[in-house]
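Undergrad: with the sequence up front, the predicted model follows.
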Amino acid sequence: MTTTELSGKRIAFLLTDGYEDSELSSPWQAVTEAGATAVLVSPATESITGKKGHSQYVDLAVADARADDFDALVLPGGVVNADHLRMDQDAIAFTRDFFSAHKPVSAICHAAWILIEAGVIEGRTLTSYPSLKTDLQNAGATWVDEEVVVDNGLVSSRTPDDLPAFNAKVIEEVAEGAHAGQTT
């Protein structure tokens with residue numbers, strides 16, 4: 001990976017309190033080291049705190065965010081974070097807009113819950129934390145137990161253990177750009 005591979009790209013990270021710390025910090029570091037600008041988007045207005053204490057300032061309120069202003073979306077996991085986001089209408093709409101624009105979206109762990117709420121996974125193949133298997137299948141997805149799955153610009157992984165593979169695929173998909181199969 002070179003430090004200019006994602007030069008000029010803007011990547012939204014959508015999350016709120018209770019996220020899995022490493023699922024924000026590791027992909028954030030990976031994309032910024034590859035030259036992208038990472039932007040923390042959240043329903044929270046000032047800062048967010050992960051379940052292990054990592055704290056980070058919010059760059060943009062999700063109510064004011066537009067998918068058109070970004071090249072890709074990363075959805076870190078964490079049960080509390082994912083549960084709160086899937087109940088936030090602005091977060092759901094923001095997520096759905098990336099699919100409508102055919103832009104890469106990456107979700108790890110419990111983050112797949114918001115994809116269900118956004119109505120974007122029917123007919124797609126993905127992975128997640130194992131407890132979401134039935135939820136994803138009931139929403140029309142094919143669930144597989146693999147460290148990373150890529151389906152037309154949708155990157156998914158199971159747990160923080162999968163972060164090296166997840167990060168590599170996030171960078172690859174963002175570098176490729178729009179994917180015609182990435183749609184609602």
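TA: Right, received. Where do you want to start? Just so it is clear, the structure is predicted and the values come from calculations on it, not from any experiment.

Undergrad: so where do the helices sit in the chain?
TA: In the chain, the helices defined using DSSP state H lie at 21-33, 79-85, 89-100, 112-118, 133-138, 163-176.

Undergrad: what does the longest one rub up against?
TA: Same thing as helix 163-176. 1, 5-6, 9, 11, 22-23, 26-27, 30-31, 34, 36, 71-72, 74, 104, 106, 108, 147-148, 150, 153, 155, 157, 179 (CB atoms under 8 Å, 6 or more residues apart in numbering). C-betas here are computed from N, CA, C, even on glycine.

Undergrad: so which of the residues you listed are in strands?
TA: Mapping those onto strands (DSSP state E) picks out 11, 72, 74, 106, 108, 148, 150, 155, 157.

Undergrad: compare the helices of the chain and report which one is nearest to residue 67.
TA: Of all the helices of the chain, helix 89-100 sits nearest to residue 67, with 3.6 Å by CB to CB.

Undergrad: what distance separates the start and the end of stretch 32-40?
TA: End-to-end distance for stretch 32-40: 13 Å, by CA to CA, to the nearest Å.

Undergrad: may I see the buried residues of it?
TA: 34, 35, 36, 38, 39, 40 (16 or more other CB atoms under 10 Å).

Undergrad: that older thread, for the ones in strands among the contacts of helix 163-176, pick the one with the most neighbours.
TA: Taking other CB atoms under 10 Å as the neighbour criterion, residue 108 ranks highest of these with 33 neighbours.

Undergrad: from residue 112, how far off is the residue nearest to that residue when sequence neighbours are not counted?
TA: Among residues not flanking residue 108 along the chain, residue 157 sits closest, at 4.5 Å (CB to CB, 6 or more residues apart in numbering). Computed as CB to CB, to the nearest Å, the residue 157 to residue 112 distance reads 10 Å.
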